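Colleague: no sequence on this one, just coordinates:
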């Protein structure tokens, strides 16, 4: 089995694995590898041999299929799907970057322009997801990477669901966590139906983290965190960082509304609000510096709002009582 892999293990005579797997907290093992046919680095993600039950195998394949369906520069490309010694694997685009979790741990709160840029790019990915009826359900800093170009990638579609597709929604109901405490929307906590506004909540929590350098809910126990998520939104980020523009403070507050109907209507509205703020992008030491060349993020940095985006003003939602 692949618990011990020697240097140079080859898959299909094409993908040559590195010596050791990467640190990874998901259901599989992740390796860097070399695609010898196209002479490029790739990532190979295996099912953990200790989790080779039918449900885990179906979820693993499902994640690969959903990721492949979302054709967007902000989603890692899926190159191949295969099996080695009875263990399934997927071959993915290798991302040269840093997770937002690690970025905040190293840098603290980020410049306003970078927060807006990252948020606008995530919004454009969520727009593409909504077009095919996909809900990610686990948007959080550790599932987003900032590349050295300044572009963003959203990772890990292990909890994603497709609207009205029972083949996928049934799989997620067995032995699978709802999401991530502190970032999953209240409707996920309650086991209620989810839609695109569920991902907007995760985006709001992620923006909060980037703006303040701390999670929106930072309670000592899981139970108190979940209870607070259901009872009231967190303090406004502007209370912790007064220089945050009012429009951004209002937007994050609205995204973190307890009731889905109190959040912005869609990612297009969020994109339209964040786009004008995505400027003044200073170097980020050790991540993006003056020697890295021009920033090459898609759409958001260039200030291009998607045609379907409605330039509506995001009204702050001040609903603070639990709806449950």
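Modeller: Arrived safely. This is a predicted model, so every value here is computed, not measured.
Colleague: for the closest residue to residue 144 other than its chain neighbours, list the residues it contacts.
Modeller: By the measure of C-beta to C-beta, 6 or more residues apart in numbering, the closest residue to residue 144 outside its immediate chain neighbours is residue 100, 4.8 Å from it. To be clear about C-beta, it is placed using only N, CA and C from the backbone, and glycine gets the same treatment. For residue 100, the contacting residues are 118, 141, 142, 144, 145, 146, 206, 209, 210, by C-beta atoms under 8 Å, 6 or more residues apart in numbering.
Colleague: let's see which of those residues end up in strands.
Modeller: When the contacts of residue 100 are checked against strands using DSSP state E, the ones located there are 144, 145, 146.
Colleague: okay, now the first one: neighbour count?
Modeller: What it means is residue 144. Number of residues near residue 144 (other C-beta atoms under 10 Å) recorded here: 28.
Colleague: same check, this time on the last one
Modeller: Taking other C-beta under 10 Å as the criterion, the count of residues near residue 146 is 25.
Colleague: quick one: pLDDT of it?
Modeller: At residue 146, the pLDDT value in this model is 95.
Colleague: now residue 119: how far from residue 282?
Modeller: Applying C-beta to C-beta, to the nearest Å, one obtains 17 Å for the distance of residue 119 from residue 282.
Colleague: what do you get for residue 133?
Modeller: Distance, residue 133 to residue 282, using C-beta to C-beta: 38 Å.
Colleague: and the longest helix for this structure?
Modeller: Longest among the helix segments of the chain by residue count, using DSSP state H, is helix 112-131.
Colleague: quick one, domains of the chain?
Modeller: When the chain is parsed into structural domains using automatic domain parsing, the resulting residue ranges are 12-93, 97-292.
Colleague: most tightly surrounded among these?
Modeller: Mean neighbour count, computed with mean count of other C-beta atoms under 10 Å, is highest for domain 97-292 among the domains of the chain, reaching a mean of 19.
Colleague: next one: that one to chain centre, how far?
Modeller: Chain-centre distance of domain 97-292: 7 Å, with C-alpha atoms, centre = their mean, to the nearest Å.
Colleague: so which residues of the chain form strands?
Modeller: If DSSP E is used as the criterion, the strands of the chain fall at 10-11, 15-17, 28-35, 40-47, 78-84, 87-93, 97-99, 134-135, 144-147, 152-154, 161-162.
Colleague: can you put the ones you listed in CSV and add distance to residue 69?
Modeller: Below are the strands of the chain laid out as CSV (distance: least, C-beta to C-beta, whole Å):
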stretch, distance to residue 69
strand 10-11, 23
strand 15-17, 22
strand 28-35, 19
strand 40-47, 17
strand 78-84, 9
strand 87-93, 13
strand 97-99, 23
strand 134-135, 7
strand 144-147, 19
strand 152-154, 14
strand 161-162, 8
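Colleague: show me the contacts for residue 15.
Modeller: Residues counted as contacts of residue 15 (C-beta under 8 Å, 6+ apart) are 33, 34, 35, 36, 42, 44, 80, 91.
Colleague: that older thread, right, so of the strands of the chain, which gets closest to residue 226?
Modeller: Nearest to residue 226 among the strands of the chain is strand 134-135 (20.1 Å), distances taken as C-beta to C-beta.
Colleague: got a list of contacts for the closest one?
Modeller: The contact list for strand 134-135, computed with C-beta under 8 Å, 6+ apart, reads 66, 69-70, 129, 157, 160-163, 194-196, 198-199.
Colleague: make it 6 Å
Modeller: Outside strand 134-135, the residues that touch it by C-beta atoms under 6 Å, 6 or more residues apart in numbering are 160, 161, 162, 194, 198, 199.
Colleague: where does the protein dip in pLDDT?
Modeller: Judged against pLDDT under 70, the low-scoring parts of the chain cover residues 1-8, 24-28, 164-177, 289-324.
Colleague: what are the ranges of the helices in it?
Modeller: Under the criterion DSSP H, helices of the chain are mapped to 54-69, 100-107, 112-131, 166-169, 186-189, 196-212, 222-231, 237-240, 246-255, 267-274.
Colleague: list the contacts for the nearest residue to residue 127 once chain neighbours are set aside?
Modeller: If the residues on either side of it in the chain are set aside, residue 127 comes closest to residue 267, at 4.7 Å by C-beta to C-beta, 6+ apart. Each residue near residue 267 by C-beta under 6 Å, 6+ apart is listed here: 123, 126, 127.
Colleague: distance of the last one from residue 243?
Modeller: Spelled out, that is residue 127. When C-beta to C-beta is the yardstick, residue 127 and residue 243 sit 29 Å from each other.
Colleague: with the first one instead?
Modeller: Distance, residue 123 to residue 243, using C-beta to C-beta: 22 Å.
Colleague: who touches stretch 106-120?
Modeller: By C-beta under 6 Å, 6+ apart, the residues outside stretch 106-120 that reach it are 152, 207, 210-213, 271, 274-275, 277-282, 297, 300-301.
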